[in-house]
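Novice: Here is a sequence with its predicted model. Questions after.
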Amino acid sequence: MKLLLISDVHASIDALNAVWAQESDADAIMCAGDIIDWGFHPHEVIAWMKEHNVICVYGNHDLEILEHLDAGHREEKGKETNFATYTINQLTEDDIAWLRALPETQIAEFDGVTYCMRHAVDPRESENTIREYLGEYRSIPAFSELWKRFVGNNDQGVRRLLLGHSHNCYTLQAAKNEMYLNPGSVHYRLGHNAWTTGADYITVENSVPTMKHVDYPTAHLRKMLEESNFRDDVLRTARPFNRSAVD
């Protein structure tokens, strides 16, 4: 079978459509969180996840939107000054209920491989990536500790920890039957990778993961930014993820 792994969609329906145009023969899809926020199409992205029966977990941005919602942070529709209030105004009650139901961890098995998916080691810690966690332990064997912590056992089958959050696509072999996977971001980049473009993701066929990339146009997103009432600091932060190699 073919498994499609994505993460950090950040409300980009354009990114999802570009990936799906390449990988529509996938038998199952897993998404490692940050489904909404910092993008213009949160409702459409949630509808896409539902339509394609995507196995999802929440990310820190998904939690933050719910926190803004619960705190009553609202602005008049069409006059929003940031992505959080814009996102809230785009969501339906069904969208919100779907977000609230997202779990922190998902366990799934495909082709004899067990996947444990989370957004990060701690989804509530915005800077907590697997590389930083491993740096604290200074060794790869932390895999077994994390597996026991998240899955509740330490069976010796083929095991993969699927994480998002870093916006960097990578595979990291921990042991013969242990691997970290991060699909990267289908929307935008962070840190040293902030000026690259397009969507990163991973496909798994015959249990073999392959890192992939596809470009997609974003000129219309820049236009939406220019026509918005977003604060200057939001615009400065948002411009890099609306660049594209194919505009």
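Specialist: Cool, got the structure. Numbering: from 1, shown residues only.

Novice: After the worst-scoring helix or strand of the chain on mean pLDDT, heading C-terminal, what element do we hit next?
Specialist: Ranked by mean pLDDT, DSSP states H and E, the weakest helix or strand in the chain is helix 130-137, scoring a mean of 64. Under the assignment DSSP states H and E, the closest C-terminal helix or strand after helix 130-137 is helix 142-151.

Novice: Tell me which other helices or strands that next one touches.
Specialist: Secondary-structure packing of helix 142-151 (3 or more C-beta pairs under 8 Å, 6 or more residues apart in numbering; DSSP states H and E): strand 113-117, helix 130-137, strand 158-162, strand 178-183. C-betas here are computed from N, CA, C, even on glycine.

Novice: and that helix, how far from the chain's centre?
Specialist: Relative to the centre of its chain, helix 142-151 is centred 21 Å away, using C-alpha atoms, centre = their mean, to the nearest Å.

Novice: neighbouring contacts of it?
Specialist: Contact with helix 142-151 is made by 105, 107, 114, 116, 118, 121, 133-134, 153-154, 159, 161, 174-175, 178, 180, as judged by C-beta atoms under 8 Å, 6 or more residues apart in numbering.

Novice: What residues sit buried inside that helix?
Specialist: 142, 143, 146, 147 (16 or more other C-beta atoms under 10 Å).

Novice: from these, which is closest to residue 10?
Specialist: Within the buried residues of helix 142-151, the smallest distance to residue 10 is 25.0 Å, found for residue 146 (C-beta to C-beta).

Novice: Could you tell me the per-residue confidence at the closest one?
Specialist: Looking at residue 146, its pLDDT reads 88.

Novice: got a list of what the closest residue to residue 59 other than its chain neighbours touches?
Specialist: The spatial neighbour of residue 59 that comes closest, neighbours along the chain excluded (C-beta to C-beta, 6 or more residues apart in numbering), is residue 33 at 2.9 Å. Neighbouring residues of residue 33 by C-beta under 8 Å, 6+ apart: 7-8, 56-62, 102, 118-120, 123, 164-165.

Novice: Residue 87: which of those is nearest?
Specialist: residue 61 (9.1 Å).
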